[in-house]
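Undergrad: My questions are about this predicted structure, shown below with the sequence.
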Amino acid sequence: MQEYYEGENIENALHLPCPSCGNQLHYSAEKKQISCSHCGYGEEVNTANDKVIETALGQDLSAARNFTPEEVNKKVFDCKNCGAKFMVQSDQMNITCGFCGSNNVNVDAFKHQYIKPVGIIPFYISREEATTKFNRWIKQGAFHPNKLKKLSRVEGLHGMYIPFWTYDAKTESTWQGQAGYYTQGQGHSSAMPRGAALGRPMQMGRNVRMGNQRVPQIRWQSKSGRLSHFFDDVLVVASGELEQKEVNKMPFRLDEVVNYDPKLIMGWESEIYQIELDEGYTIAEQLMDHRLRNMCSAQLGGDTQRNLHVSSKKTAQTYKHIVLPFWICSYTYQDKIYRFLINGQTGRVYGQKPTSWIKVGLLILLVVLIFVGIWYLRQSGVLRGKF
């Protein structure tokens, strides 16, 4: 059975005195260790991962539904602007939300029980490195406002641990469909039809001419088969603010997950998960089904396909709750907030930038003027016969 957060656990996690001088310890991404900024005391990160184990999914789904909630004291903060919920150090007086930049953050003594993480990847990217990456990224791109490239101040740069679920499952799938093979006939074009390249069925029984291109005849063959596959650590973000498509662009090295240690979140914010365990599994199933369909499609083969049907059964589902490091910051441009993310382990960047429609419009105008100029010169005879 999975462990759960209680008020006392969170209190201990947020107050950890230095054994040398009594001041607050924190995890330093620069030093890659737990340290004291007052006396210089340091502890190496424990890289053990023996507690990063899978838990049977069905058992905890039932327990989570039947749990009687209790108060989580006053260590969880709630952003009234975007709804994010996160833990911060108790001595912080002015709290700014890392997701939307709002200062409208209040203590939230809401009622809920939270499954405790079993694993964590500590921050490897320091604040200085994150700021440098932002300044480099913000200046890239030709179709963004020039003023944006002069923006050097990062508003609300937050080092935050984001909650994730990972799911494992054994799957058995059966599939059936039709594979199409292009025949070698007179006038056959070696180019694949656009519909086939996009995976759309091409149901034509003879060569027909489409414009200047001859579409080949297709020979259809019915096939069926079975597929056994084990999914290991399907990663689902449990954040209420970050989207799955965002984190998919910033993969982690999950083999570096170590045992969750409250010391590693000292000095950092940690978001409370808002995607529940069962909701996360629904997302994981969708990701699994998409992958299974692609694998069955690969088994079906052919130059093109149609009527592919896949039926899958999942068993032995397990899960883990882990937290992963992100640098999250926002910047304001023309009264609109844009978000910027950095993978705190690998340094990979993903962000949003405004588009300069003036630059886009000027490019379109330039292209139009070039074509008009060519047309005019041809009409006047200057370029006659050259094009």
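TA: It's in.

Undergrad: and the closest residue to residue 249 other than its chain neighbours, what are its bridge partners?
TA: Once flanking residues are discounted, residue 249 sits nearest to residue 350: 4.9 Å by CB to CB, 6 or more residues apart in numbering. From N, CA and C alone the C-beta is placed, and that goes for glycine too. Note on residue 350: beta-bridge partners by DSSP bridges are residue 341.

Undergrad: mind listing what residue 350 touches?
TA: Counting by CB atoms under 8 Å, 6 or more residues apart in numbering, residue 350 makes contact with 246, 249, 250, 340, 341.

Undergrad: what does residue 168 give?
TA: 54, 230, 231, 232, 233, 234, 316, 317, 318, 319.

Undergrad: where are the low-confidence patches of the stretch 1-150 of the chain?
TA: Residue ranges of the stretch 1-150 of the chain with pLDDT under 70: 1-15, 59-78, 80-113, 140-150.

Undergrad: ok, now with 50
TA: 1, 4, 6-13, 65-74, 90-91, 93, 109-111 (pLDDT under 50).

Undergrad: returning to that earlier point: what about the contacts of residue 168, which are in strands?
TA: Cross-referencing the contacts of residue 168 against strands under DSSP state E gives 230, 231, 232, 233, 234, 316, 317, 318, 319.

Undergrad: Selecting buried members of these in PyMOL, what would you type?
TA: In PyMOL, a selection of the buried entries from those looks like this (16 or more other CB atoms under 10 Å):
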select buried, resi 231+233+234+317+318+319
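
Undergrad: for residue 35, what are its contacts?
TA: Applying CB under 8 Å, 6+ apart to residue 35 gives the contacts 25, 26, 27, 28, 41, 42, 43.

Undergrad: got it, and residue 173?
TA: For residue 173, the contact set (CB under 8 Å, 6+ apart) comprises 226, 227, 228, 229, 292, 295, 296, 310, 311, 312, 313.

Undergrad: Direction included, what does the helix or strand harbouring it pair up with?
TA: In this assignment (DSSP states H and E), residue 173 forms part of strand 155-182. The pairing partners recorded for strand 155-182 under DSSP bridges are strand 218-237 (antiparallel), strand 269-271 (parallel), strand 304-333 (antiparallel).

Undergrad: Please convert these to CSV, extending it with distance to residue 130 and mean pLDDT.
TA: Below are those laid out as CSV (distance: least, CB to CB, whole Å; pLDDT from 0 to 100):
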stretch, distance to residue 130, mean pLDDT
strand 218-237, 19, 96
strand 269-271, 14, 83
strand 304-333, 4, 91
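
Undergrad: Just say which of those strands is most tucked in.
TA: Ranked by mean neighbour count, the strands paired with strand 155-182 are led by strand 269-271 with a mean of 23 (mean count of other CB atoms under 10 Å).

Undergrad: tell me the domain boundaries of this structure?
TA: The domain map for the chain lists 7-171+227-287+316-355, 175-224+291-313, 356-387, with the assignment taken from automatic domain parsing.

Undergrad: just to revisit the earlier point, list the buried ones in the strand holding residue 173?
TA: Along strand 155-182, these residues count as buried under the neighbour rule (16+ other CB under 10 Å): 156-169, 171, 173, 175, 177-180, 182.

Undergrad: What mean pLDDT does it get?
TA: Mean per-residue pLDDT for strand 155-182: 91.

Undergrad: can you give me the helices for this protein?
TA: Under the criterion DSSP state H, the chain contains helices at 7-14, 57-66, 127-138, 146-149, 194-197, 244-248, 277-300, 357-379.

Undergrad: Near the residue nearest to residue 318 when sequence neighbours are not counted, how many other residues are there?
TA: Closest residue in space to residue 318, ignoring its immediate chain neighbours: residue 54 at 3.6 Å, by CB to CB, 6+ apart. Neighbourhood size, residue 54 [other CB atoms under 10 Å]: 16.

Undergrad: re the thing from before, so the strand holding residue 173 versus helix 127-138, what angle?
TA: If you take axes from the mean of the first three to the mean of the last three CA atoms, to 10 degrees, strand 155-182 sits at 60 degrees to helix 127-138.

Undergrad: just the angle between strand 155-182 and helix 277-300, please?
TA: Strand 155-182 and helix 277-300 are oriented at 30 degrees to each other (the same axes, to 10 degrees).

Undergrad: Begin at 472 from now on, thanks
TA: Will do, 472 is the new start, and the previous item becomes strand 626-653.

Undergrad: What are the neighbouring residues in contact with the residue nearest to residue 789?
TA: Contacts of residue 525 by CB under 8 Å, 6+ apart are 639, 789, 790, 791.

Undergrad: Show me the beta-bridge partners of the closest residue to residue 695 other than its chain neighbours.
TA: Closest residue in space to residue 695, ignoring its immediate chain neighbours: residue 647 at 4.0 Å, by CB to CB, 6+ apart. On the basis of DSSP bridges, residue 647 is bridged to residue 695, residue 780.

Undergrad: Could you verify my assumption that residue 647 touches residue 770?
TA: No. Using CB atoms under 8 Å, residue 647 is not in contact with residue 770; the gap is 10.8 Å.

Undergrad: okay, and the common contacts of the two?
TA: Joint contacts of residue 647 and residue 770 (CB under 8 Å, 6+ apart) are residue 696.

Undergrad: okay, residue 848: pLDDT?
TA: Looking at residue 848, its pLDDT stands at 72.

Undergrad: how close does it sit to residue 839?
TA: According to CB to CB, to the nearest Å, residue 848 and residue 839 sit 15 Å apart.

Undergrad: Excluding sequence neighbours, find me the nearest residue to residue 648.
TA: Excluding the flanking residues, the one nearest residue 648 by CB to CB, 6+ apart is residue 779, at 3.5 Å.

Undergrad: and the one you found, how far is that from residue 696?
TA: 11 Å.

Undergrad: Spit out the residues that contact those two alike.
TA: The contact lists of residue 779 and residue 696 share 646, 647, 767, 771, where a contact means CB under 8 Å, 6+ apart.
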